[in-house]
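> Build me a model:
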Amino acid sequence: MTHHEHVRDYLTLSECYDLLNETLFSGELGGCVLTFEDKGQSFGHYRNLGYVSRDGQIRKDEICLNPRHFLTNTGDLELLQTLAHEMSHQWQQHFGSPSRNNYHNKEWGTKMEAIGLIPSSTGRPGGKKTGQSMADYPKEGGKFLSEAGKILEGRQLIRFYKREVFQRKAFDEVTRPDPEPEWEQAAEAYAETQGTITGADVKPPTLSKIRYSCPKCLTNVWGKPRLQIICGVCWNPVEPIYFSAS
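Sure, this is the predicted structure:
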């Protein structure tokens, strides 16, 4: 049987869940329904028993990943990092004591560190380790980086991306090398490279002030169009994280 391209991504992520469950969680997790949802700014979320079978007899946990972030930062590694983050919530739900309202407490943070991810409110060293909204970063030499490296060796996880996300990234790349052209001209240049995608699809912002958002820590700033803003909170000298215009 030949798998269709649009199905392959889901199958691959299911395999990743199983591999991370076995290597990072000792196979304790009982599986889940993996979903994609382009909603809000979060990278993903976990929902306890969020899905039910047709006959109403079986309930399964949900782990949802947000496709608008699949092209940001470190790509496939970031995706695995988000998956492991939500799997830690699943572990705590069934084997620990989760706080109300999805608060990231100390027990959750301890489990995260045990699998090789360090909780941080800023997504980098020095941030708070507990809180309502929590990012994380991989521990050098930790279990997560070791197992993620094995999973990613010689293959890609995601081959198709949310169209709007891909357009935004490509549009930014068109405007960065030369800050002189107007946004409309940049949109036309991008449209010409895409054939069926028109400049109208790349909705240019107004030329007064627009909002820029960091895809990692979700910080927002306002400024003139065509700015190239590097996030100081998520500063990475190897691969700087640019604010995206919205």
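
> Can you report how many residues neighbour residue 51?
13 (other CB atoms under 10 Å). C-betas here are computed from N, CA, C, even on glycine.

> Pretty sure it sits against residue 63.
No. When contacts are counted by CB atoms under 8 Å, residue 51 is not listed as touching residue 63 (10.5 Å).

> what packs against the strand ranked longest in the chain?
The longest strand of the chain (DSSP state E) is strand 44-52. Applying 3 or more CB pairs under 8 Å, 6 or more residues apart in numbering; DSSP states H and E, we find strand 44-52 packed against strand 59-65, helix 76-95.

> Next, the angle helix 76-95 makes with the shortest one.
Yep, that's strand 59-65 we're talking about. Per axes from the mean of the first three to the mean of the last three CA atoms, to 10 degrees, the angle that strand 59-65 makes with helix 76-95 is 150 degrees.

> so how far is residue 115 from residue 109?
Using CB to CB, to the nearest Å, one gets 11 Å for the distance from residue 109 to residue 115.

> I should have written residue 57 there, sorry.
32 Å.

> of these two, who's got more company?
Each of residue 57 and residue 115 has its neighbours counted (other CB under 10 Å); residue 115 has more, 21 against 7.

> so the more buried one sits right up against residue 29, yeah?
No. With contact defined as CB under 8 Å, residue 115 does not count as touching residue 29 (11.7 Å).

> What is the burial count for residue 71?
Other residues within reach of residue 71, judged by other CB under 10 Å, total 17.

> In a strand, residue 34, correct?
Yes. Under DSSP: H, G, I helix; E, B strand; the rest coil, residue 34 sits within a strand.

> just to revisit the earlier point, dump the helices and strands packed on strand 44-52 into TSV; add distance to residue 132, mean pLDDT and mean neighbour count as well.
Below are the helices and strands packed on strand 44-52 laid out as TSV (distance: least, CB to CB, whole Å; pLDDT from 0 to 100; neighbours: other CB atoms under 10 Å):
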stretch	distance to residue 132	mean pLDDT	mean neighbour count
strand 59-65	18	95	19
helix 76-95	13	95	21
